[in-house]
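# Provided below are the primary sequence and the corresponding predicted coordinates.
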Amino acid sequence: MAYEKRLDGRKLDETRPIEAKTGVIERADGSAMFKIGDTIAYAAVYGPRELYPRFMQDPEKGIIRVNYNMMPFSGSGDRIRPGPNRRAKEISMVIEKALLSVVDLDKFPNSVVDIFIELPQTDAGTRCAGICASAMALADAGIVMKDLVSSVAVGSVDSTVVADLSYDEEAYDGVVSDIPIAILPNTEEIVLLQMDGEISKENLLKAVKLGKKVCKDIYKIQKKAIKEKYELKGESKKESASSGKGGDKNE
Amino acid sequence: MSKLLTKDKEVVVPGEHLAEGMDYLPGAGTYREGEKIISSVLGLTRIEGRAIKLIPLSGKYLPKRGDMIIGRVFEIAFSGWRIDTESAYQAMLNMREATSDFIPKGANLTKYFDFGDYIVCKITNVTSQNLIDITMKGPGLRKLKGGRVIKVNCHKVPRIIGKKGSMVSMIKKATDCKIIVGQNGVIWLQGEDPKMELLAVKTIKKIEKEAHINGLTDRIKKYLEKETGKKIETDRGEQ
Amino acid sequence: MNEELRNHIINLLNKGVRLDGRKPLEYRKPVDIKYDFSKSAEGSARVQIGETVVIAGVKLATQEPYPDSPEEGCLMVNAELLPISNPEFETGPPGIDAIEISRVVDRGIRESKAIDMKKLCVEKGEKVWSVMIDICPLNDAGNLFDISALSALAALKNTKFPKTDKEGTIDYKNKTDKSLSLDKQTVSVTVCKIGDHLIVDPITEEEKVIDARMTIATDQNQNLCAMQKGGDSPLTEEEISKMVDIGVKKCDELRKAL
């Protein structure tokens, strides 16, 4: 039986509603929130800062360190014991590799950029939301990057290729595959790909193609959100508009 | 055919195509990939003839020789003090550079600079591994007494200081506060009237937030006039 | 410790103001509470005071009761000082600062009997509900003590029992209309001593220079339910008396936000 109508009524290539914002954690050097459906990811960037222990330092360039964490009450079932588990460690590692492909820390030897990802509420696609938030937070922190990173989960439900699977779809009683992917929007290079479930090669390639398309839409949302922080709101805007064209040239 | 894909003073994120074709030159904060010039940092575009560069909007301070910064003593070593510089690297203040007084061997170094003290110092050397040497010998370099220290985005420091120091002297005049702005984004303030000191802090925070938007000087002047109820004279002659 | 910062804060307090312009006994405004912040929790809240943001979530599960209280449910409070919220926090198991917050929030809720633990009994000696509260700061701009306690109570207030089937298996995807039986509105206020001055709701800079602090938890009837003295300096009986008065008054103010 083909899966034609999605459980929540979305089109096959349609994501759940997305919200994104930067500058959400005041103490961090850069931060962002990325919400897709009921999955919420916060990311904060601290650094470049001094790296200890010293043996981890790279005298050629700075390194990045990702820490992905689900809040204990954010899972779909029982409370999650706090602290790193095998799943969180692996996800942190794959996110780190995805982000490493864009950041340039040549000017910061021996230093570290720490990226902390926290999820207060989840409904599938957490690592993808984490990557989207992290890329925005890195840009917000002024880290030199050759591109952003955009990410979404694609997959197949009973041989139908869909974008942004929800938890209910992942748990669908049928043949399901879940494929989180992340791309560099400019070059369309793939920097994260994982798959679990069952899928034909033909559908895999179809899914990857769909993933790229959806990532490009997500990229637009990320870009807009990063810029929004620098738009004036309210009173200052009026003042700015009325203060004439001359501007000031003192740089 | 070369084509410009952005305009002057636009906010761009890393990875945006700014221009196509070999007629344009990639400046700071951009890189070339084949025909394209692409941004590599969140910044404000500056187009100067054929060169496209970006003024970064955020990011940690990168230590530069000759910069006057404000640092905090966090460790006392055998031959001097380790200073937190609000960058990815700490600085070393050697005994010889600390004072013109003779410091006898084995002296208690906390007598000169104690843990937590803030100092105005100058960077004398930065190595390829970003080891920073600083000195206290020079006009205005000293330990800060009293007052408070705030931290701002170091990329906004030029706007906070203003052309020939015009912005910071306007704030000083309006609020009657002493203000020292370190290139690393650490700022020291001290005022007799707590309200005015707080106003100086708020003004600096406002500049930090709005530095990239046209009409900053006028906006800040109006803001200070409104908050203090005083008319502010600015040295228009300079411009 | 930064002596100069401390002196400056005391100088300002001598003139009756603080670094951010507040009066000594003034809380930051507004106290913003968003309920149901995490749908995956049985109850949750996001509390923001000033720039400090804390998310608390409640999970419910069934378990065997403790032998000494076969008819009572269980309560667990856990606070983590997440490194996302403060550049000085590190990854790893909770340190003593996080444990202290957990314990003080726990005592406030437990000792005030905020939750009717008997009503959490499913089958005497066999099965009871356990209430697990996790406190996760997102941005620490000072006063995690009080804001953690407030977020925990807000999350409890928001809690709904999940559905269970005949065998007692919990269906976490579906909630019932049944709330926790919350008898008390316990909140806490920490009064800090800097020099000869007492302040509430400290920001980060103030926290760095306090001599002593006293956390006071009260219920809506102004009963004292839990206290904790912290900081390195001793306090006199008179000071404690003053701190309690301030704490009780400020708890009442804070409770209005719930």
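Cool, got the structure.

# how about the secondary structure of A:Lys209?
Classification of A:Lys209 by DSSP: H, G, I helix; E, B strand; the rest coil places it in helix.

# please state the backbone phi and psi of the residue nearest to A:Arg6 when sequence neighbours are not counted?
Counting by C-beta to C-beta, 6 or more residues apart in numbering or on different chains, A:Val162 is the residue found nearest to A:Arg6 once chain neighbours are left out, at 6.5 Å. C-betas here are computed from N, CA, C, even on glycine. With angles defined as degrees, to the nearest 10, A:Val162 sits at phi -130, psi 160.

# do I have it right that A:Val162 meets A:Leu12?
Yes: using C-beta atoms under 8 Å, A:Val162 is in contact with A:Leu12, at 5.1 Å.

# overlap in contacts, these two.
With contacts taken as C-beta atoms under 8 Å, 6 or more residues apart in numbering or on different chains, A:Val162 and A:Leu12 have A:Arg6 as neighbours in common.

# is chain A contacted by stretch B:117-135?
Yes: Stretch B:117-135 lies within reach of chain A by C-beta under 8 Å from any C-beta of the partner chain, at B:Ser128, B:Gln129, B:Asn130.

# show me which of those are buried.
Buried members of the residues of stretch B:117-135 next to chain A, scored by 16 or more other C-beta atoms under 10 Å in any protein chain shown, are B:Asn130.

# just confirm B:Thr124 is within a helix.
No: the assignment for B:Thr124 by three-state DSSP gives strand, which leaves it out of any helix.

# per-residue confidence at it?
You'll see B:Thr124 listed with a pLDDT of 97.

# any idea how far it is from B:Leu93?
Between B:Thr124 and B:Leu93 the distance, using C-beta to C-beta, to the nearest Å, works out to 10 Å.

# the more surrounded of these two?
B:Leu93 (25 against 16; other C-beta atoms under 10 Å in any protein chain shown).

# before we move on, back to that, more neighbours: which of A:Val162 and A:Leu12?
Using other C-beta under 10 Å as the criterion, A:Val162 and A:Leu12 rank with A:Val162 on top: 22 against 14.

# can you name the residues in contact with the lengthiest helix in chain B?
The longest helix of chain B (DSSP state H) is helix B:194-210. Residues from elsewhere that reach helix B:194-210 (C-beta under 8 Å, 6+ apart): A:232, A:236, A:240, B:148, B:150, B:152-153, B:156, B:159-160, B:167, B:171-172, B:174-177, B:179, B:187, B:189-191, B:216, B:219-220, B:223-224, B:227-228, C:12, C:15, C:17, C:19-21.

# buried subset of the residues you listed?
By 16+ other C-beta under 10 Å, these give A:232, A:236, A:240, B:148, B:150, B:152-153, B:156, B:159-160, B:167, B:171-172, B:174-175, B:177, B:179, B:187, B:189-191, B:216, B:219-220, B:223-224, B:227-228, C:12, C:17, C:19 as buried.

# tell me which element the residue lying closest to B:Ala28 once chain neighbours are set aside falls in.
Leaving aside its chain neighbours, B:Ala28 sits nearest to B:Lys53 (4.6 Å; criterion: C-beta to C-beta, 6+ apart). Assigned by DSSP states H and E, B:Lys53 belongs to strand B:51-56.

# for chain C, what are the nearby residues on chain B?
By C-beta under 8 Å from any C-beta, the part of chain B that sits against chain C consists of B:72, B:114-118, B:144-149, B:190, B:194-195, B:198.

# and the stretch 101-250 of chain A, by the same measure?
Close to chain C, as judged by C-beta under 8 Å from any C-beta, the stretch 101-250 of chain A has residues A:Asp114, A:Phe116, A:Ile117, A:Glu118, A:Pro120, A:Gln121, A:Thr122, A:Asp123.
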